[in-house]
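S.K.: need a structure here:
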Amino acid sequence: QVQLVESGGGLVQAGGSLTLSCAASGRTFYNLAVGWFRQTPGKEREFVATLSWSTGITRYADSVKGRFTISKNSARDTIYLQLNNLKPEDTAVYYCAVGRFSVIWSEYNYWGQGTQVTVSS
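M.R.: Now for the predicted structure:
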């Protein structure tokens, strides 16, 4: 069983930055990927970024490319999402997840509880 705990969300003004963390435990992730998704009320869960644990290869949604950075600390089994130049449309609950290297949320088997990011204009 995998446990994922997100932290770091909050309220920030447009143009500001936040760092989200996802502490993982329960198994090794060498052949898996860790992704970040986000969701707003009434909308489907949206892909943000993903990282292959073994290769370090990353992929980003076009809407966040150049502003968000996904990274990991293998020693701490922690995944980060650095959010820069935030926009009001980035407001959402952000989830980390573990699964296959994919942009599709259903390819991920384990999910954290989510952390709220609110960007004011």
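S.K.: so what's the backbone phi/psi at residue 32?
M.R.: phi -120, psi 180 (degrees, to the nearest 10).
S.K.: Around it, count how many other residues there are.
M.R.: 20 (other Cβ atoms under 10 Å). From N, CA and C alone the C-beta is placed, and that goes for glycine too.
S.K.: which element is the most centrally placed residue in the chain on?
M.R.: Of all residues in the chain, the one closest to the mean position by Cα atoms, centre = their mean is residue 36, 2.4 Å from it. For residue 36, the element it lies in under DSSP states H and E is strand 33-39.
S.K.: ok so, going back, any idea how far residue 112 is from the residue nearest to the centre of the chain?
M.R.: 10 Å (Cβ to Cβ, to the nearest Å).
S.K.: got any residues that touch both of the two?
M.R.: 22, 95, 96, 97 (Cβ atoms under 8 Å, 6 or more residues apart in numbering).
S.K.: Brilliant, that's me finished.
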